[in-house]
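Asker: the sequence isn't on hand, but the structure is:
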């Protein structure tokens, strides 16, 4: 079984680098969303519950949906526990920035090869990041919300 927070952070850039919405949003802060991911006693991801906010950014709801599509077949353990049913809540904060690209830049530094992640831990945020071929870098801060 894999750690849920690590798998979530790792899958996010892989699942979302192809979503065209990231090329249409303005630079700067791109919203926030809190989501709880629930697993059953076998470690299967059974549900994602976004925050009750009536103004949840649609692009972040899509980000969650696309990420969970990659995780549906896996089995996960919650942070710091043995396999058991339960949930973990994450606060996601998105930011879009433009990074310099020049004709001499290494093509592996943009597109599907420019992916990065760090898993959040209790008291320590993580992130998911990807850079589009246009030089737009999407950075999602991921914070594990204490119960």
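Answerer: Perfect, thanks for sending it. Keep in mind the model is a prediction, meaning the values are calculated, not measured. Numbers count the residues shown, from 1 in each chain.
Asker: what's the strand or helix carrying residue 37 packed up against?
Answerer: Residue 37 is part of strand 28-39, with elements assigned from DSSP states H and E. Under the contact criterion of 3 or more CB pairs under 8 Å, 6 or more residues apart in numbering; DSSP states H and E, strand 28-39 touches helix 4-16, strand 45-50, helix 58-71, strand 86-98. No exception for glycine: its C-beta is placed from N, CA and C like everyone else's.
Asker: which residues sit against the first one?
Answerer: If you take CB atoms under 8 Å, 6 or more residues apart in numbering as the criterion, helix 4-16 is touched by 22, 37, 39, 45, 62-63, 66-67, 69-71, 74, 76-79, 88, 90, 112, 115-121, 126-130, 138, 140, 142, 144.
Asker: quick one: average pLDDT of that helix?
Answerer: Taken as a whole, helix 4-16 carries a mean pLDDT of 96.
Asker: so what's the gap between that helix and the chain middle?
Answerer: Distance of helix 4-16 from its chain centroid, counting by CA atoms, centre = their mean, to the nearest Å, is 5 Å.
Asker: what's the weakest-modelled helix or strand in the chain?
Answerer: strand 111-118 (a mean of 76; mean pLDDT, DSSP states H and E).
Asker: can you state the direction angle for the helix or strand just after it and helix 4-16?
Answerer: Per DSSP H and E, the first helix or strand lying C-terminal to strand 111-118 is strand 126-131. On the basis of axes from the mean of the first three to the mean of the last three CA atoms, to 10 degrees, strand 126-131 is oriented at 10 degrees to helix 4-16.
Asker: and strand 126-131, what does it pack onto?
Answerer: Packing contacts for strand 126-131, counted by 3+ CB pairs under 8 Å, 6+ apart, involve helix 4-16, strand 111-118, strand 136-145.
Asker: who touches that strand?
Answerer: Residues contacting strand 126-131 (CB under 8 Å, 6+ apart): 5, 9-10, 12-13, 16-17, 99, 109-112, 114-120, 137-144.
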